[in-house]
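**Student:** predicted model, plus sequence, below.
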Amino acid sequence: MSRHHFDLDGRIALVAGGSRGIGEAIARILAEYGAHVIVASRKIDGCRAVADSIVAAGGKASPHACHLGDLAQIEAIFRHVDEQHGRIDILINNGVANPYYGHVLDTPVSAFEKTLEVNLRGYFYMSVEAAKRMRTTGGGAIVNVASANGITPGDKQAVYSITKAGILNMTRAFANECGEFNIRVNALIPGVTKTKFAQALHDDETFLAPARARTPLGRSAEPSEMAGAVLYLVSDAASYTTGSFVTVDGGYLA
């Protein structure tokens, strides 16, 4: 298989949660392989910094603020896509609400609602809006970033884990119903990864030590170690891959 199977030249990619961590690493590799990347997250400054860096390195990128918990902002970013690009070929759902970290019985209603709004409702409507457009242009690829917690719930991370399990089932629901339009929908299952989002967990040795001990590779991942799997899933190399979960967890779930 040659590099051209991974060539994304001319494709428009929207990366939600693309201003840092796993999303930033994904945005960078998609641009490296030729896509125009729309870097989206809640705060425009972070989006702009990543997009400017990609452009400075010779790639194509633009920033756009979008909070996945706000349906009006989801509608707005797709209006932007229509007006500026006229199509979307790749959607990466990676935005996530800061998780409630505490006992399940103490979970505030506000934390429950916020997590579902972003992690499930946000992913769902981003996928709906993208897939409607992909249907009219011959297809596309959607990747939902889930978590190993979607398979095995994390201790004191109940609501987050529940939504990540929902994302996996959502992935297969969209794959089943959108395959007829040549829209492929897959999920990435990362293990423990060194991101600002997961900093609280990395600062908690009572969490990190058991996770490290359970991981055959014996360490946390760097965000860049997630990007290659996503490149595969959105590229022509994965033209017959849909409804699948690609696990990149250092062996944690094994």
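**Tutor:** Sure, I can see it. Numbers count the residues shown, from 1 in each chain.

**Student:** give me the below-cutoff pLDDT ranges for the stretch 51-200 of the chain.
**Tutor:** For the stretch 51-200 of the chain, applying pLDDT under 70 flags the ranges 196-200.

**Student:** now do the helices in it.
**Tutor:** 71-84, 109-116, 123-137, 158-178, 199-202 (DSSP state H, counting those that start in this stretch).

**Student:** longest single strand anywhere in the chain?
**Tutor:** With secondary structure taken from DSSP state E, the chain has its longest strand at strand 183-190.

**Student:** pull out the buried residues from that one.
**Tutor:** Applying a neighbour-count criterion of 16 or more other C-beta atoms under 10 Å, one finds 183-190 buried in strand 183-190. Every residue, glycine included, has its C-beta placed from N, CA and C.

**Student:** and what of stretch 239-254?
**Tutor:** 241-243, 245-250, 252.

**Student:** quick one on the thing from earlier: elements contacting the longest strand of the chain?
**Tutor:** Where contact means 3 or more C-beta pairs under 8 Å, 6 or more residues apart in numbering; DSSP states H and E, strand 183-190 is packed against helix 123-137, strand 140-145, helix 158-178, helix 224-234, strand 245-248.

**Student:** swap in 6 Å and give it another go.
**Tutor:** Under the contact criterion of 3 or more C-beta pairs under 6 Å, 6 or more residues apart in numbering; DSSP states H and E, strand 183-190 touches strand 140-145, helix 158-178, helix 224-234, strand 245-248.

**Student:** nearest to Ser147, out of the helices of the stretch 51-200 of the chain?
**Tutor:** helix 158-178 (4.2 Å; C-beta to C-beta).

**Student:** compute the inter-axis angle for that closest one and helix 109-116.
**Tutor:** On the basis of axes from the mean of the first three to the mean of the last three C-alpha atoms, to 10 degrees, helix 158-178 is oriented at 30 degrees to helix 109-116.

**Student:** which helices and strands sit right next to helix 158-178?
**Tutor:** Taking 3+ C-beta pairs under 6 Å, 6+ apart as the contact cut, helix 158-178 packs with helix 109-116, helix 123-137, strand 183-190.

**Student:** out of those, deepest packed?
**Tutor:** Ranked by mean neighbour count, the helices and strands packed on helix 158-178 are led by strand 183-190 with a mean of 25 (mean count of other C-beta atoms under 10 Å).

**Student:** show me how far it is from its chain's centre.
**Tutor:** Remark: strand 183-190 is offset 9 Å from the chain centroid, using C-alpha atoms, centre = their mean, to the nearest Å.

**Student:** now do stretch 21-30
**Tutor:** Centroid separation for stretch 21-30 versus its chain: 9 Å, with C-alpha atoms, centre = their mean.

**Student:** contacts for that stretch next, please.
**Tutor:** Stretch 21-30 has contacts (C-beta atoms under 6 Å, 6 or more residues apart in numbering) with 13, 15, 17-18, 37, 39, 50, 92, 94, 195, 197, 223-224, 226-227, 230-231.

**Student:** just give the nearest non-adjacent residue to Tyr33, would you?
**Tutor:** Leu8 (4.6 Å; C-beta to C-beta, 6 or more residues apart in numbering).

**Student:** thanks a lot, catch you later.
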